[in-house]
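Enquirer: Coordinates only, no sequence provided:
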């Protein structure tokens, strides 16, 4: 399985955990809610859905009344099919949510992981955020070293482009710092004797998320931060 198809399967399972959907709804949610999937087609989505059904993680159900399905068949149209997450699919998605390895820190995968932080345990969120920050700090160090070596050989426009890239990474690091501190503060506030149980507190609780009315946050899927 390619990394790209793995990210798509993860996102589809996550969306279907929220509610059953048919293919059009899924494609719309992937396009509008997850920026990493802004440019992909039904030709990409349906093979993914077929694989998930074959693995037993999804089931297909009629999305229309029987008479509507029959009318669509007689007219040569494809009847709507609704995809529903199975118990095995839910368990598999929860396993994927618990992964915190390097793949979770990369640009495309991080964007998809972040979109489902509301369903992710707090400690896992922390490890993914810290891993992403570490990865970007390494990237920033390399960018600075490269710029220092090549500055004299670059024209003004290429130099400005490199500076723009560095600023984008620096902005995301600052954003990650805010998120990490907010997660820590939220955890500390809920660690007293009257704190909610772990089950109530860690499964999708986002009370520590910073709320900045007018601030701008980087889109995790923004190509300028890669």
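Expert: Ah, there it is. Since we're looking at a predicted model, the values are computed, not measured. Numbers count the residues shown, from 1 in each chain.
Enquirer: how many neighbours does residue 98 have?
Expert: 12 (other CB atoms under 10 Å). Yep, even glycine has a C-beta here, placed from its N, CA and C like the rest.
Enquirer: show me what contacts it?
Expert: 121, 124 (CB atoms under 8 Å, 6 or more residues apart in numbering).
Enquirer: please renumber so the chain begins at 38
Expert: Renumbered: residue one is now 38, and that last one reads residue 135.
Enquirer: any weak-confidence spans in this structure?
Expert: 38-41, 72-79, 100-116, 224-263 (pLDDT under 70).
Enquirer: now with 50?
Expert: 38, 111, 229-230, 232-240, 244, 250-253, 260-263 (pLDDT under 50).
Enquirer: Could you find the closest non-adjacent residue to residue 168?
Expert: residue 142 (4.2 Å; CB to CB, 6 or more residues apart in numbering).
Enquirer: actually residue 169, not the one I typed
Expert: That would be residue 142: by CB to CB, 6+ apart, it lies 4.5 Å from residue 169.
Enquirer: The one you found reaches residue 166, doesn't it?
Expert: No - between residue 142 and residue 166 there is no contact under CB atoms under 8 Å: 9.1 Å.
Enquirer: ok, these two, which is more surrounded?
Expert: Neighbour comparison, residue 142 and residue 166: the larger count goes to residue 166, with 24 against 20 (by other CB under 10 Å).
Enquirer: what's the next secondary structure element after whichever strand or helix holds the more buried one?
Expert: Using DSSP states H and E, residue 166 sits within helix 159-187. Once the chain leaves helix 159-187, the next helix or strand it forms, by DSSP H and E, is helix 193-226.
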